[in-house]
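J.: Would you be able to build a 3D model of this:
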Amino acid sequence: MPELPEVETVRIGLEQSTIGRVITEIVFQQFADVMGGLSSTSANDRLSGQMILGVRRRAKYLIVDLDSDDALLIHLRMTGRLLVVPSAQPPIRFEHLAIVLDNGTDLRFGDQRKFGRVLLVDRGALVHLDSRLGFEPLGRGFTATVLHNGLRRRHGKLKNILLDQRFVAGLGNIYVDEALFRARLHPLRPASTITLEETRRLHRAIRIVLRQGIANQGTTFSSFENPYGEQGRNASRLQVYGKGRTGGDCPRCGNPLERLVVGGRGTTVCPTCQPRHGDHPPTPSPEIVGESLNSQRPASV
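T.: Predicted coordinates:
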């Protein structure tokens, strides 16, 4: 499923291609529920003639602001794609919707599994969505102290807490595994046992892996593409994600990685570098604790 870096990559591409453009037509394909039950006639009545004023991201959602009280709320889910293509181009693979623009291009939405949606919502719905989501992990309000205060009140498994969109918005399986490895924390640790120093390492690691993902235009394993059909470059930069099931070795200590299942998610862990609570973890190396990567910070609601 696209996570924060992938959705932010799409946002940046759409911002460059669609702001200031006027919607002239909405064209449905065979999946009629792509707009949540809104009919083709209603969609055209409400959207034709509207100008795109901006493209934002909140967690894993894209928000296309229009020059009215409405907005398009787009959730890619697992296999959704948004491509900007010439209007004359044939339908993209698994295309469900085309938003025709006034400059001879379309914003096409395709989704093999049909889980994604392009919803027409009002401002009240956006406020409600925002209230249900947690901190943006690259936002100014997400500090190590805020993270620590939140973790110490939760007794669930650390990875499950980080995946909870009501706590931290935008993290998913890939980047949580990567952040926990960098911070030398075991995914099964009770969240409430994480010390302040460990939280500082985790906070730093979360920001590093997300900024790296954005700088590399996301992680592509199967279907993810930016709006120009280009795959992300971040897969080669991942240190541990998915390597536990392929017999990979830890890039830090060289010992075999292990695959666990945490909250129904396949999880890669180094049992040496990420000891369970009660074991004695090795001292973090300076390059892991202090590493940083500069990149554009994602916009949020």
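J.: Helix or strand: which one has Val118?
T.: strand 117-122 (DSSP states H and E).
J.: which outside residues touch that strand?
T.: Outside strand 117-122, the residues within contact range by CB atoms under 8 Å, 6 or more residues apart in numbering are 34-36, 38, 43, 46-47, 69-75, 77, 97, 99, 109. All C-beta atoms are positioned from the backbone trio N, CA, C, and that covers glycine.
J.: and with 10 Å instead?
T.: With CB atoms under 10 Å, 6 or more residues apart in numbering as the test, strand 117-122 has contacts from 26, 33-38, 42-43, 46-47, 61-64, 66, 68-77, 80, 82, 96-97, 99, 107, 109, 111, 125, 128-129.
J.: where do the helices sit along the chain?
T.: 4-18, 40-47, 123-132, 144-151, 158-163, 173-183, 196-215, 286-289 (DSSP state H).
J.: what about stretch 114-126, how long is it end to end?
T.: End-to-end distance for stretch 114-126, by CA to CA, to the nearest Å: 23 Å.
J.: If we go by neighbour counts, what in that stretch is buried?
T.: For stretch 114-126, burial by neighbour count (16 or more other CB atoms under 10 Å) applies to Gly116, Arg117, Val118, Leu119, Leu120, Val121, Leu126.
J.: Could you export these as CSV, including pLDDT and distance to Asn173?
T.: Formatted as CSV, the buried residues of stretch 114-126 follow (pLDDT from 0 to 100; distance: CB to CB, whole Å):
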residue, pLDDT, distance to Asn173
Gly116, 97, 18
Arg117, 98, 21
Val118, 98, 24
Leu119, 98, 24
Leu120, 98, 30
Val121, 98, 27
Leu126, 97, 26
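J.: of the residues you listed, closest to Leu238?
T.: Taking CB to CB as the measure, Leu238 lies nearest Gly116 of the buried residues of stretch 114-126, at 23.9 Å.
J.: Can you tell me the closest non-neighbouring residue to Val64?
T.: Leu72 (4.0 Å; CB to CB, 6 or more residues apart in numbering).
J.: burial measure for the one you found, as a count.
T.: Leu72: 22 surrounding residues under other CB atoms under 10 Å.
J.: right, and it touches Ile99 too?
T.: Yes - if you go by CB atoms under 10 Å, Leu72 and Ile99 touch, sitting 8.0 Å apart.
J.: between those two, what contacts are shared?
T.: In contact with both Leu72 and Ile99: Ile23, Leu47, Ile52, Val64, Leu107, Phe109, Val118, using CB under 10 Å, 6+ apart.
J.: quick revisit: partners of the strand holding Val118, with directions?
T.: Here strand 117-122 has these sheet partners by DSSP bridges: strand 70-75 (antiparallel).
J.: on that earlier part again, can you put the helices of the chain in CSV and add distance to Ser223?
T.: Output for the helices of the chain, formatted as CSV (distance: least, CB to CB, whole Å):
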stretch, distance to Ser223
helix 4-18, 10
helix 40-47, 25
helix 123-132, 25
helix 144-151, 31
helix 158-163, 21
helix 173-183, 14
helix 196-215, 16
helix 286-289, 31
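J.: Select, out of these, the one closest to Asp249.
T.: So among those, helix 173-183 is nearest, using CB to CB, at 12.8 Å.
J.: That closest one vs helix 4-18, what angle?
T.: Helix 173-183 runs at 130 degrees relative to helix 4-18, counting by axes from the mean of the first three to the mean of the last three CA atoms, to 10 degrees.
J.: Do I have it right that Cys250 meets Arg184?
T.: No - in this structure, Cys250 is not within contact of Arg184 by CB under 10 Å, at 11.0 Å.
J.: tell me, what's touching those two both at once?
T.: Joint contacts of Cys250 and Arg184 (CB under 10 Å, 6+ apart) are Cys270, Thr272, Cys273, Gln274.
J.: Where does the record place the domain boundaries for this protein?
T.: According to automatic domain parsing, the chain comprises the domains 4-132, 144-289.
J.: mean confidence for the last one?
T.: Confidence over domain 144-289, taken as the mean pLDDT, stands at 92.
J.: And stretch 50-68, by the same measure?
T.: For stretch 50-68, the mean confidence score works out to 98.
J.: residues of that stretch that come out buried?
T.: Of the residues in stretch 50-68, 50-52, 54-66 count as buried by neighbour count, 16+ other CB under 10 Å.
J.: Narrow the contacts of strand 117-122 to those that are buried.
T.: 26, 34-35, 38, 43, 46-47, 61-64, 66, 70-76, 80, 82, 96-97, 99, 107, 109, 111, 129.
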